[in-house]
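[1] pasting a predicted model and its sequence here:
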Amino acid sequence: MRTKTYSVYILSNFARTVFYIGVTNDLVRRILQHRNGESIFSDKYNCHYLMYFEDYSDVRNAIAREKQLKNWKRAWKIQLIRKDNPDLIDLSEGWFGKHAGTS
């Protein structure tokens, strides 16, 4: 039996000025939903770039971490992201093919 994975993720816009933090049980599907305009916040602020994610096997731990990150100062979030993604690249680059998920 496969263990369910829950991901806490941080999206940003092109200029890296706005962050969106969420939790999901299917990261690829959720990122595609953000890119297809199925999230009001990410669509309004163009938060379509995956900057960071962490995986959890327990949904309660994932939700607790999401809440914790949402309460963090901006500088702390940037420091966390840069620890694993120093160049602030889109970690989902290439996941969807050439035209998928573009708005």
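    Nice, thanks for sending it over.

[2] may I see the buried residues of the worst-scoring helix or strand of the chain on mean pLDDT?
    Sorting the helices and strands of the chain by mean pLDDT, DSSP states H and E puts helix 40-44 at the bottom, at a mean of 92. Buried residues in helix 40-44, defined by neighbour count with 16 or more other Cβ atoms under 10 Å: Ser42. (Each C-beta comes from the backbone N, C-alpha and C, glycine too.)

[3] just checking the distance from that helix to the centre of its chain.
    Remark: helix 40-44 is offset 13 Å from the chain centroid, using Cα atoms, centre = their mean, to the nearest Å.

[4] likewise for stretch 40-58?
    2 Å.

[5] contacts for that stretch?
    3-14, 16, 18-20, 27, 31, 34-35, 37, 39, 62, 65, 80-81, 84-85, 88, 90-92, 101, 103 (Cβ atoms under 8 Å, 6 or more residues apart in numbering).

[6] taking those one by one, which sit in helices?
    27, 31, 34-35, 62, 65, 80-81, 84 (DSSP state H).

[7] follow-up on the earlier one: so in that sheet, which strands flank the helix or strand just after the least confident helix or strand of the chain, and in what orientation?
    Sequence-wise, the next helix or strand downstream of helix 40-44 (DSSP states H and E) is strand 49-56. Strand 49-56 pairs in its sheet with strand 6-12 (antiparallel), by DSSP bridges.

[8] state the mean pLDDT of the partner strand.
    Mean pLDDT, strand 6-12: 98.

[9] alpha carbons only: can I get that strand in CSV?
    Output in CSV follows, covering the C-alpha atoms of strand 6-12 (Å, rounded to 0.1, in the frame of the first residue of the first chain):
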residue,chain,number,x,y,z
TYR,A,6,0.8,15.8,1.6
SER,A,7,2.8,18.8,0.3
VAL,A,8,3.2,22.2,1.8
TYR,A,9,4.2,24.6,-1.0
ILE,A,10,5.1,28.2,-1.7
LEU,A,11,4.3,29.9,-5.0
SER,A,12,5.4,33.3,-6.1
